[in-house]
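Asks: no sequence for this one, just the structure:
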DNA sequence: GCCGTTTTCGGCCCGACTGTTTTCAGTCG
């Protein structure tokens, strides 16, 4: 069962409690929703955490929830969940995926019209709306009937509560809108917020905040955005648009003198904000997007023009957005002990570069020459780089031919080294780990290199145990230095294979092997939560782009964001080291 | 159901917006 499926199940339990008696079960509902949220945003599989007895590391998963999840994995069902949900018609649940449908509305419709079939309930509601039956219900009217019809139609076109965009796609949408907003003279400042500002690997809605003295003008201008599908809502302080592809853009506005609290509020995460507000309450403060009310003087609103001042008023250091996920950051900010997170400007080189040098690789070759990639590295002010094409394919070459190809490549790299004073060049390769754990080329060929990246590119379907043995055997090779895109996942495309991370991390730490944070936006691999565990285990990391063209070398920032989300500092990242230290590491 | 430098009991973030309503319920972030 995936995290998304588990989160959905917990939300169904929460919805069932809401339908049964919202007041009575108020806090159970919150607890189930919090747990669902935390599980959904965890990039570690809950199934693995359960197997490792580490479920308690998820905030919001307490003793009861742990037992329920254990039941789920061992028996395939949870007696307690079944009991809570037994009186609720199954047809309620599919409706909850549709925006604007909550538990109460879904239950009212399903029971009133006696709908039983889970697979047709959405079509059934649509028919009833088209026939004008829903408007006759108490509490519904013509407008809500039309809204239901619209929501169902849009749901059919892909608008739902769960689908998420990869980060660059969301950035592009936000960028266009920000460009548009900046043309309004009433817009003083404009920023992308929410998960976009926290640089989460996927983004649900695009959130934007504007500082303005003329909120109505800005809101009017916003909803006039020419590339919208329609206006979802528009009030005095916020508005929402639907754009093509079924995505929402939410805008909030505040005057400049209160912009700090709006930035804080709208950046989230929701969990961070809830925790921050609970923390503040204990200190006698009540927080909102408008500012702070002190218990000692509850009618006066303190406003803050910057986030720094807002956090400071609570006795906290400013917390970088990437780590606002309620994972201990508030406590660290209170003790003035937040980590100095790695920054893009700390990066001194890139070790995952595929040039077009003709070594007849096993997987995709790069599009550009070594020379152009080197020039780009100079432009980026790098001190060093490592070329790391895929190894020559095994099926088309004898070991001798592989050796000859790599010898030619070594000569080329030697030439290049003479052409530059500013950038040191490492001769690497990205070598496949074969299913039996051997590397794809022999020791004689590997001896031509300064070291090699190793990775899995085939036979993904192995068990966790077998895959772990395979990777450990690959890492054991003295030339193997960096385990690249270590989970093999592709975001929104495939989950990747499973590994015993504790074993991998322990091995890397003692044997001086490094793990890559791959910056390719669909990989972002290691994922942030595993970066955090790697950092806590003392494992060293590289942040690399996996460039197959010169333009990809600019993607480094994505990997840096992932590392930041994983609490990595400069000390954790090997390609932030100065050249001599790094060269020494390669020779270890 | 979760959680802890007020607490292992007794609290639990704070607000916007809409539709159907004459004061609120539901959904959402």
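Replies: The structure has been received and is ready for your questions. This one's a predicted model, so the numbers in the text were calculated from it and none came from an experiment.

Asks: For the residue in the stretch 351-500 of chain A positioned nearest to DNA strand B, the count of nearby residues, please.
Replies: Residue of the stretch 351-500 of chain A nearest DNA strand B, by Cβ to the nearest atom of the strand: residue A:492 (18.7 Å). Every residue, glycine included, has its C-beta placed from N, CA and C. Using other Cβ atoms under 10 Å, residue A:492 has 12 neighbouring residues.

Asks: quick one: contacts for it?
Replies: Residue A:492 makes contact with A:164, A:166, A:202, A:522, according to Cβ atoms under 8 Å, 6 or more residues apart in numbering.

Asks: wait, does stretch A:95-102 contact DNA strand B?
Replies: Yes. For stretch A:95-102, a contact with DNA strand B is found by Cβ under 7 Å from any atom of the strand, at A:99, A:100, A:101, A:102.

Asks: For that stretch, the averaged confidence score.
Replies: For stretch A:95-102, the mean per-residue pLDDT is 94.

Asks: Give me the most central residue, chain A.
Replies: For chain A, residue A:201 is the residue whose C-alpha lies nearest the centre (Cα atoms, centre = their mean; 2.4 Å).

Asks: Angles on the backbone of the closest residue to that residue other than its chain neighbours, please.
Replies: Nearest non-adjacent residue to residue A:201, counting by Cβ to Cβ, 6 or more residues apart in numbering: residue A:524, 4.8 Å away. When read as degrees, to the nearest 10, the backbone of residue A:524 gives phi 40, psi 70.

Asks: need the strands for the stretch 351-500 of chain A, in chain order.
Replies: Per DSSP state E, counting those that start in this stretch, the stretch 351-500 of chain A carries strands over the ranges A:384-387, A:424-427, A:430-432, A:452-455, A:480-483.

Asks: possible to save these as CSV with distance to residue A:539?
Replies: Below are the strands of the stretch 351-500 of chain A laid out as CSV (distance: least, Cβ to Cβ, whole Å):
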stretch, distance to residue A:539
strand A:384-387, 19
strand A:424-427, 20
strand A:430-432, 20
strand A:452-455, 15
strand A:480-483, 10
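
Asks: Which one, of these, ends up nearest to residue A:46?
Replies: Each of the strands of the stretch 351-500 of chain A has some distance to residue A:46 by Cβ to Cβ; the shortest is strand A:480-483, at 23.7 Å.

Asks: ok so, going back, quick one: contacts for the residue nearest to residue A:201?
Replies: A:167, A:201, A:491, A:517, A:518, A:558, A:559, A:562.

Asks: Checking the closest residue to the first one other than its chain neighbours next. Helix, strand or coil?
Replies: Spatial nearest neighbour of residue A:167, excluding adjacent residues (Cβ to Cβ, 6+ apart): residue A:521 at 5.6 Å. Assigned with DSSP: H, G, I helix; E, B strand; the rest coil, residue A:521 falls in the coil class.

Asks: where along the stretch 351-500 of chain A do the helices fall?
Replies: Remark: helices assigned in the stretch 351-500 of chain A by DSSP state H, counting those that start in this stretch are A:370-379, A:399-419, A:443-446, A:464-476.

Asks: swap in the stretch 151-300 of chain A?
Replies: Going by DSSP H, counting those that start in this stretch, the stretch 151-300 of chain A shows helices at A:167-182, A:194-197, A:215-223, A:259-267, A:270-282.

Asks: Pipe those helices into a markdown table and attach mean neighbour count and distance to DNA strand B per row.
Replies: Below are the helices of the stretch 151-300 of chain A laid out as a markdown table (neighbours: other Cβ atoms under 10 Å; distance: least, Cβ to the nearest atom of the strand, whole Å):
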| stretch | mean neighbour count | distance to DNA strand B |
| --- | --- | --- |
| helix A:167-182 | 17 | 14 |
| helix A:194-197 | 22 | 6 |
| helix A:215-223 | 18 | 8 |
| helix A:259-267 | 24 | 7 |
| helix A:270-282 | 17 | 3 |
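
Asks: Quick one: closest of these to residue A:149.
Replies: That would be helix A:215-223 among the helices of the stretch 151-300 of chain A, by Cβ to Cβ, at 21.8 Å.

Asks: Could you list every helix and strand that that closest one packs against?
Replies: Judged by 3 or more Cβ pairs under 8 Å, 6 or more residues apart in numbering; DSSP states H and E, the packing partners of helix A:215-223 are helix A:167-182, strand A:228-234, strand A:238-243, strand A:247-254.

Asks: now these in JSON lines, with mean pLDDT and distance to residue A:504?
Replies: What follows is the helices and strands packed on helix A:215-223, written out as JSON lines (pLDDT from 0 to 100; distance: least, Cβ to Cβ, whole Å):
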{"stretch": "helix A:167-182", "mean pLDDT": "96", "distance to residue A:504": "26"}
{"stretch": "strand A:228-234", "mean pLDDT": "95", "distance to residue A:504": "45"}
{"stretch": "strand A:238-243", "mean pLDDT": "96", "distance to residue A:504": "41"}
{"stretch": "strand A:247-254", "mean pLDDT": "95", "distance to residue A:504": "37"}
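
Asks: ok so, going back, export the helices of the stretch 351-500 of chain A to TSV and tack on distance to residue A:79, mean neighbour count and mean pLDDT?
Replies: Converted to TSV, the helices of the stretch 351-500 of chain A look like this (distance: least, Cβ to Cβ, whole Å; neighbours: other Cβ atoms under 10 Å; pLDDT from 0 to 100):
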stretch	distance to residue A:79	mean neighbour count	mean pLDDT
helix A:370-379	59	18	97
helix A:399-419	58	15	96
helix A:443-446	55	18	97
helix A:464-476	28	18	97
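
Asks: Which one of those lies nearest to residue A:55?
Replies: With Cβ to Cβ, the closest approach to residue A:55 among those belongs to helix A:464-476: 17.3 Å.

Asks: Tell me which other helices or strands the closest one touches.
Replies: strand A:480-483, helix A:501-511.

Asks: buried set for stretch A:310-324?
Replies: The neighbour-count check on stretch A:310-324 (16 or more other Cβ atoms under 10 Å) flags A:310, A:311, A:313, A:314, A:316, A:317, A:319, A:320, A:321, A:322, A:323, A:324 as buried.
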